[in-house]
Structure formats: structure tokens, C-alpha cells
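**Q** Have a look; sequence and predicted model below, questions after that.
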Amino acid sequence: MRLNLQTDFALRTLMHLAVNTDRRVTIADISETFGISKNHLMKVAQALGQEGIIATERGRTGGLSLARRASDIRVGDVVRRMEGNAALVECFPGGAGGCRISPACRLRGALADALEAFFASLDTWSIADLVGGNAPLHDLLAMGETA
């Protein structure tokens, strides 16, 4: 399964925020760090904010921060929310439908099991697990003192 760019950007944004819990981080900060378009990041931040995963504050002293502890944000939950319809094949719910062999095919069941295992594995990880004790990542993402 290939994750869409929005999911990739969301996970990177959450890791950035988890490393910098002592301050608000701006879209510009994240854009510069990862070389990602600000417009794409604004859409990601809006989606994460609507899901209650991050807090957003506008204005001169505004920015983004985690709305919950990093240990309470499960990677699998973020991927599910950002991916939306995870129809691997057209016979999955949300897929295009119309496959001629659907009534007799076992592929849907096999792929559903694989997708369930994929999410179950991601559910064992939190954002805190991705950043905690990861000094090289902290060196790359830490933004220094609070303004």
C-alpha cells in the first residue's frame, strides 16, 4: 500500500510538532524543514486540526501544536483518517465496483486481511514512539528556544 502525500506530510508534521512541544511551529517552519509546499501543508494542518489531532492558532504569535500528548496519537489512526477511502481494489467499499468475478473471488478477503494487519501494526506505534529517544531526529527537527 502506498500512502498518499497528504498522509506522509501529516506524519512528518506530527513528528516535527512532537519534537518541538515547547513552542508553536508555523507552516513556514515545517515547509522549510522538509522542503514541502506551504499550500500543501496548510491543507494537511487543516485536516489534522479538524480531526482534533493538532491545535491551530492564527495571528502573529500563532502556529501549530499537538492537541494531545504524542503518546496518545496512534500512527494507524492518523493514516486511517488521512487516507480516507483505503479501497485497495475496486470491489472494496468505496471502490469503483463492477468487477466480473466479485461473486466468486477470494482476493478481496485476502487483501482485507492484509490491510487489517497493516493498520494493526501501525496502531502499535505512537508519534512519541517515532521521536522519543531519537537524538538524530531531534537534532534535525529541534527549533531551539521559545520566542
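**A** Structure received. What you see is a predicted model, and the numbers here were worked out from it, not measured in a lab. Numbering: from 1, shown residues only.

**Q** ok, and for whatever helix or strand residue 117 lives in, which residues are buried?
**A** In the assignment (DSSP states H and E), residue 117 maps to helix 107-123. Buried residues in helix 107-123, defined by neighbour count with 16 or more other Cβ atoms under 10 Å: 108, 111, 119. (Each C-beta comes from the backbone N, C-alpha and C, glycine too.)

**Q** try stretch 126-137
**A** 126-128, 130-131, 137.

**Q** Please work out the average pLDDT along the helix holding residue 117.
**A** Averaged across helix 107-123, the pLDDT comes to 91.

**Q** Quick check: next helix or strand after that helix?
**A** helix 127-131.

**Q** And the buried residues of stretch 126-137, which is closest to residue 62?
**A** Minimum separation from residue 62 among those (Cβ to Cβ) is found for residue 127, which lies at 21.4 Å.

**Q** Tell me the pLDDT of the closest one.
**A** 98.

**Q** May I have the helix or strand encompassing residue 77 as PDB, with CA atoms only?
**A** Using DSSP H and E, residue 77 maps to helix 75-83. Only the C-alpha atoms of helix 75-83 are listed here, as PDB (Å, rounded to 0.1, in the frame of the first residue of the first chain):
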ATOM      1  CA  VAL A  75       0.100   6.300  13.700                       C
ATOM      2  CA  GLY A  76      -2.600   3.900  12.500                       C
ATOM      3  CA  ASP A  77      -5.300   6.300  13.400                       C
ATOM      4  CA  VAL A  78      -3.600   9.200  11.600                       C
ATOM      5  CA  VAL A  79      -3.100   7.000   8.500                       C
ATOM      6  CA  ARG A  80      -6.800   5.900   8.500                       C
ATOM      7  CA  ARG A  81      -8.000   9.500   8.900                       C
ATOM      8  CA  MET A  82      -5.700  10.900   6.200                       C
ATOM      9  CA  GLU A  83      -6.100   8.100   3.700                       C
END
